[in-house]
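*Asks:* got a predicted structure plus its sequence, pasted below:
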Amino acid sequence: MAIRVLEIHHHAIRVDADQPKLDAVENFYEGVLGLGVDPGRPQIPGVPGFWINVGEGSQLHLIGGAQPSPLAKGPGQDPTIPHVALAVADIRATKQELDRLGVPYWSMTGINGPEAEQVFLNDPCGNMVELHQIDQCRCRAANRPG
């Protein structure tokens, strides 16, 4: 049985971390592309940047800071490197299927709340993919409070 991916949630992009460049990038996405910043992005020590809303169901995560980031769990295990995030129906079932298939992955919690687990794996070309449960992130507008 394949993992049940429901939708794309965000694409994480690296940006320069110096403030003038961050301001220019934010102005580009807001002023040129007409996209709004998600004001609820959590403050992540050592990981500057912002999240840009794209419609009601997805975001761009613009991430700066030194590499490896303070969030890195080891070589190749840094959630701030470029990646695509996909929402799955059930993160526990997803992990069980990855285990059954023998696909290596690593996970973390805490960025989107204590219960919001993020699972990271690499495709055969080395591109990082994040999987998280559909109802446990800010990517969808419906999941953002207020």
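*Replies:* Sure thing, it's come through.
*Asks:* give me the mean pLDDT for stretch 136-146.
*Replies:* Across stretch 136-146, the average pLDDT comes to 79.
*Asks:* name the single longest helix found in the protein.
*Replies:* Secondary structure of the chain per DSSP state H: the longest helix is helix 91-101.
*Asks:* ok, then the element right after that one?
*Replies:* Next in sequence after helix 91-101, counting helices and strands by DSSP states H and E, comes strand 106-108.
*Asks:* partners of that following strand in the sheet?
*Replies:* Partners of strand 106-108 in the sheet, by DSSP bridges, are strand 118-122 (antiparallel).
*Asks:* C-alpha coordinates for the longest helix of the chain, CSV please?
*Replies:* Extracted in CSV, the C-alpha atoms of helix 91-101 (Å, rounded to 0.1, in the frame of the first residue of the first chain):
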residue,chain,number,x,y,z
ILE,A,91,1.5,10.3,9.9
ARG,A,92,1.6,7.1,12.1
ALA,A,93,0.4,5.0,9.2
THR,A,94,2.9,6.8,6.9
LYS,A,95,5.8,5.8,9.2
GLN,A,96,4.6,2.2,9.4
GLU,A,97,4.5,2.1,5.6
LEU,A,98,8.0,3.6,5.3
ASP,A,99,9.2,1.0,7.8
ARG,A,100,7.5,-1.8,5.8
LEU,A,101,9.1,-0.6,2.6
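*Asks:* tell me how far it lies from the chain's centre.
*Replies:* 19 Å (C-alpha atoms, centre = their mean, to the nearest Å).
*Asks:* what do you get for stretch 106-125?
*Replies:* 8 Å.
*Asks:* ok, stretch 41-58 next?
*Replies:* From the chain centre to the centre of stretch 41-58 is a distance of 8 Å (C-alpha atoms, centre = their mean).
*Asks:* outside of that stretch, which residues touch it?
*Replies:* The contact list for stretch 41-58 (C-beta atoms under 8 Å, 6 or more residues apart in numbering) reads 7-11, 15, 17, 22, 26, 29-30, 35-38, 59-66, 69-71, 80, 111-112, 138-142. In this view, the C-beta of every residue, glycine as well, is placed from N, C-alpha and C.
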